[in-house]
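Trainee: Attaching a predicted model along with its sequence, questions to come.
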Amino acid sequence: MSNNPVRVHAVAEGVGVAGAMKAVFMRDMKVAFRQRQDLLNPLLFFVMVVTLFPLGVSPEVSFLREAGAGILWVAALLSVLLSLDHLFRHDFDDGTLEQLVLQPQPLFLLVLAKTLAHWMLTGLPLVILTPVLGIMVHLPGNSIGILCLTLLIGTPVLSLIGSIGAALTLGLRSAGVLLSLLIIPLYIPVLIFGTGTVAAVSEGAPVGAYLALMGAFLVLALTLAPFASASALKISMSNS
Amino acid sequence: MWQLFHKLGSPKWFYGIATRLMPWLLVGGALLLLAGIVWGLAFAPKDYLQGNSYRIIFIHVPTAFLAQSVYIMMAVAAVVTLVWRMKLADVFVKAVAPVGLVLTFLALFTGAVWGKPTWGTWWIWDARLTSMLILLFLYGGVIALDRAINDEKSAARAVAVLVLVGVVNIPIIKYSVEWWNTLHQPATFKLTEKPSMPAEMWVPLLLSVLGLYLIFGWLACLRMQTEIIAREQRTRWVKDLVMAGRH
């Protein structure tokens, strides 16, 4: 474990806001790569959930082609949800988070850096894995392309919204289930438009409007979610 | 102005006001609601297309209306909690969240009952219905989070953050019937236009909406009083109150 609060403090002091964000981001990446199993688990979960549908519902090509995008989106959503618990938990347990809250730099930017690191470690690998699973559920080529694009825009939104829930439930009993209860309602719009885009492509309809809306979600989440999670973090920290 | 503001922050002052207000709210609300529903169910003209089944509108619309506006009220109270740390605002959020949950459930349930004869199905995954279902989940989340945090102050502020994040859903519900081609009909009442139905139909509807608002006000006061008593049980005035009620 390289969870060294003192060093984070030293790095963040005296450097600008950008330097502090970079330090937080690099530290999260480094910690994650020293515990590689934690990185792999959400991916394995993603693959397994996708596997359940052909086996559990129907392996028919027609069904899979129809439902494939939705299955992949739901599986990606669930695996992001599962990984959210890790976002602040370890740092909260060992006190690093307290140091971050005490930093002179605005907390929401540090939270943003942490969330970006979370996305790089969970959302992005899911997007990279998507084409393989897309072929396994018999999606046509152009649908796979659009699916990857929607996941590329959508998974950061999932991480950003999720960071609010992770911050709110920090340090609570049975935080995992509660986190899902709070966050899934907020994930639904992203899911609807993410799968809607792919459905539009397979019907040959234009997708510009869908992608623009997804982009709007991303911009909205990017600008507002860090504030909400930073204030939620402060509340949770004062609680303990 | 500021004096009122300070008074509003005092649970004891509110308790007194609520006690005086509640009979009026209850009687007024019950009368309006009864008038609206009896008029609507028994005397309003039949719809030429839907026959008598449309009459569930006199229950469906008030509950759906309230379900959304209770959330908006909670959001306003959440801002007050976060900015001014006013105790009463947080008591309000905590007290009315279950009421909102029940109202949303009733709106969905009566909608399903209405949908069966009219659309031929209990449920469709339509934008308005889905966004109301999300509202139900949001209420559930608010209640769950509130129960999960033991410390009263942090529960209040965490819930306030969650309520504010969930506000994004409200305009989606409101405009879902205009943005998407849905089976659900557009808004019944608009501030800027005359209702599209005859007065014998919309007047009783308006009466029952107003009546339910008053009943909600009564219920909110009652639940807030209970919450205040529970929170302030160690204070002098609550002890005096309870002792006075003994004999």
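Mentor: Perfect, I can see it now.
Trainee: So, low pLDDT: which residues of chain A?
Mentor: Across chain A, residues meeting the criterion (pLDDT under 70) sit at A:1-14, A:239-240.
Trainee: which residues touch the residue most central in space within it?
Mentor: In chain A, the residue lying closest to the centroid (Cα atoms, centre = their mean) is A:Ser159, at 2.8 Å. A:Ser159 makes contacts with A:Val80, A:Leu84, A:Thr115, A:Leu116, A:His118, A:Trp119, A:Thr122, A:Gly123, as judged by Cβ atoms under 8 Å, 6 or more residues apart in numbering or on different chains. Using the backbone N, CA and C atoms, a C-beta is placed for each residue, glycine as well.
Trainee: list the buried ones in stretch A:196-214?
Mentor: Within stretch A:196-214, the residues that count as buried by 16 or more other Cβ atoms under 10 Å in any protein chain shown are A:Gly196, A:Thr197, A:Val198, A:Ala199, A:Ala200, A:Val201, A:Ser202, A:Val207, A:Tyr210, A:Leu211, A:Leu213, A:Met214.
Trainee: The fifth one contacts A:Leu213, correct?
Mentor: No. With contact defined as Cβ atoms under 8 Å, A:Ala200 does not reach A:Leu213; the gap is 11.4 Å.
Trainee: is stretch A:222-239 up against chain B anywhere?
Mentor: Yes. Under the criterion of Cβ under 8 Å from any Cβ of the partner chain, chain B is reached by stretch A:222-239 at A:Ala228, A:Ser231, A:Ala232, A:Ile235, A:Ser236, A:Ser238, A:Asn239.
Trainee: Any chance of a PyMOL selection covering the buried ones in those residues?
Mentor: Typed into PyMOL, the line below selects the buried ones among the residues of stretch A:222-239 next to chain B, using 16+ other Cβ under 10 Å:
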select buried, chain A and resi 228+231+232+235+236+239
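Trainee: Reformat the residues of stretch A:222-239 next to chain B as JSON lines; add secondary structure and distance to A:Lys30.
Mentor: Shown next, in JSON lines, are the residues of stretch A:222-239 next to chain B (DSSP: H, G, I helix; E, B strand; the rest coil; distance: Cβ to Cβ, whole Å):
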{"residue": "A:Ala228", "secondary structure": "helix", "distance to A:Lys30": "27"}
{"residue": "A:Ser231", "secondary structure": "helix", "distance to A:Lys30": "27"}
{"residue": "A:Ala232", "secondary structure": "helix", "distance to A:Lys30": "25"}
{"residue": "A:Ile235", "secondary structure": "helix", "distance to A:Lys30": "28"}
{"residue": "A:Ser236", "secondary structure": "helix", "distance to A:Lys30": "25"}
{"residue": "A:Ser238", "secondary structure": "helix", "distance to A:Lys30": "29"}
{"residue": "A:Asn239", "secondary structure": "helix", "distance to A:Lys30": "29"}
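Trainee: can you pull out the strands in chain A?
Mentor: Read by DSSP state E, chain A holds no strands at all.
Trainee: Chain B contacts on chain A?
Mentor: Chain A comes close to chain B at residues A:161, A:164, A:168-169, A:172-174, A:178, A:181-182, A:184-186, A:188-189, A:192, A:228, A:231-232, A:235-236, A:238-239, as judged by Cβ under 8 Å from any Cβ.
Trainee: that older thread, in a markdown table, list the residues of stretch A:222-239 next to chain B along with distance to A:Ile71.
Mentor: A markdown table is the format used below for the residues of stretch A:222-239 next to chain B (distance: Cβ to Cβ, whole Å):
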| residue | distance to A:Ile71 |
| --- | --- |
| A:Ala228 | 30 |
| A:Ser231 | 36 |
| A:Ala232 | 31 |
| A:Ile235 | 36 |
| A:Ser236 | 34 |
| A:Ser238 | 41 |
| A:Asn239 | 38 |
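Trainee: Format the contacts of A:Ser159 as TSV; extra columns: neighbour count and distance to B:Thr63.
Mentor: What follows is these, written out as TSV (neighbours: other Cβ atoms under 10 Å in any protein chain shown; distance: Cβ to Cβ, whole Å):
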residue	neighbour count	distance to B:Thr63
A:Val80	26	35
A:Leu84	29	34
A:Thr115	27	38
A:Leu116	21	43
A:His118	25	40
A:Trp119	22	40
A:Thr122	28	40
A:Gly123	25	39
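Trainee: Farthest-apart pair in the buried residues of stretch A:196-214, please.
Mentor: A:Ser202 and A:Leu213 (18.1 Å; Cβ to Cβ).
Trainee: how about the helices of chain B, start to end?
Mentor: In chain B, the helices defined using DSSP state H lie at B:2-8, B:11-38, B:57-84, B:87-119, B:127-148, B:152-166, B:169-179, B:199-231, B:236-246.
Trainee: List the buried residues of the second one.
Mentor: Okay, so that is helix B:11-38. Using 16+ other Cβ under 10 Å as the test for burial, helix B:11-38 gives B:11, B:14-15, B:18, B:22, B:25-26, B:28-29, B:32-33, B:35-37.
Trainee: Could you report the distance from A:Ile139 to chain B?
Mentor: Check again: residue A:139 is Leu, not Ile. As judged by Cβ to the nearest Cβ, to the nearest Å, A:Leu139 and chain B stand 22 Å apart.
Trainee: how many neighbours does the closest residue to that residue other than its chain neighbours have?
Mentor: Closest residue in space to A:Leu139, ignoring its immediate chain neighbours: A:Gly68 at 4.6 Å, by Cβ to Cβ, 6 or more residues apart in numbering or on different chains. The tally of other residues near A:Gly68 (other Cβ atoms under 10 Å in any protein chain shown) stands at 28.
Trainee: can you pull the contacts of residue 76?
Mentor: In the absence of a named chain, this looks at chain A. By Cβ under 8 Å, 6+ apart, A:Ala76 lies in contact with A:Phe46, A:Gly123, A:Leu126, A:Thr130, A:Leu151, A:Gly154, A:Thr155, A:Leu158.
Trainee: Roughly how far does the first one sit from chain B?
Mentor: With the distance defined as Cβ to the nearest Cβ, A:Phe46 ends up 24 Å from chain B.
Trainee: Pull the number of nearby residues for the closest residue to that residue other than its chain neighbours.
Mentor: Spatial nearest neighbour of A:Phe46, chain neighbours left out: A:Ser79 (4.3 Å); criterion: Cβ to Cβ, 6+ apart. A:Ser79 is flanked by 26 other residues according to other Cβ under 10 Å.
Trainee: What of the one 4 residues further on?
Mentor: Residues lying near A:Ser83 (other Cβ under 10 Å) number 25.
Trainee: Residues of chain B that sit close to chain A?
Mentor: B:82, B:130, B:134, B:137-138, B:140-141, B:144-145, B:148-149, B:151, B:154, B:157-158, B:161-162, B:164-166, B:168-169, B:172.
Trainee: Would you mind checking these for buried ones?
Mentor: Using 16+ other Cβ under 10 Å as the burial test, the residues of chain B next to chain A include B:82, B:130, B:134, B:137-138, B:140-141, B:144-145, B:148-149, B:154, B:157-158, B:161-162, B:164-166, B:168-169, B:172 as buried.
Trainee: what are the ranges of the helices in chain A?
Mentor: Along chain A, counting by DSSP H, helices occupy A:5-12, A:17-33, A:36-56, A:61-83, A:85-94, A:96-102, A:107-118, A:124-136, A:141-168, A:175-202, A:208-239.
Trainee: Using PDB, list the CA coordinates for stretch B:99-118.
Mentor: In PDB, the C-alpha atoms belonging to stretch B:99-118 read as follows (Å, rounded to 0.1, in the frame of the first residue of the first chain):
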ATOM      1  CA  VAL B  99     -46.100  11.300   2.300                       C
ATOM      2  CA  GLY B 100     -44.500  12.100  -1.100                       C
ATOM      3  CA  LEU B 101     -43.700   8.400  -1.600                       C
ATOM      4  CA  VAL B 102     -47.300   7.400  -0.900                       C
ATOM      5  CA  LEU B 103     -48.700  10.100  -3.200                       C
ATOM      6  CA  THR B 104     -46.400   9.100  -6.000                       C
ATOM      7  CA  PHE B 105     -47.500   5.500  -5.500                       C
ATOM      8  CA  LEU B 106     -51.100   6.500  -5.600                       C
ATOM      9  CA  ALA B 107     -50.600   8.500  -8.700                       C
ATOM     10  CA  LEU B 108     -49.000   5.500 -10.400                       C
ATOM     11  CA  PHE B 109     -51.600   3.100  -9.100                       C
ATOM     12  CA  THR B 110     -54.600   5.200 -10.200                       C
ATOM     13  CA  GLY B 111     -52.900   5.800 -13.500                       C
ATOM     14  CA  ALA B 112     -52.600   2.100 -14.000                       C
ATOM     15  CA  VAL B 113     -56.200   1.600 -13.100                       C
ATOM     16  CA  TRP B 114     -57.200   4.300 -15.600                       C
ATOM     17  CA  GLY B 115     -54.800   3.000 -18.200                       C
ATOM     18  CA  LYS B 116     -56.400  -0.400 -18.300                       C
ATOM     19  CA  PRO B 117     -59.800   0.600 -19.800                       C
ATOM     20  CA  THR B 118     -58.400   3.600 -21.800                       C
END
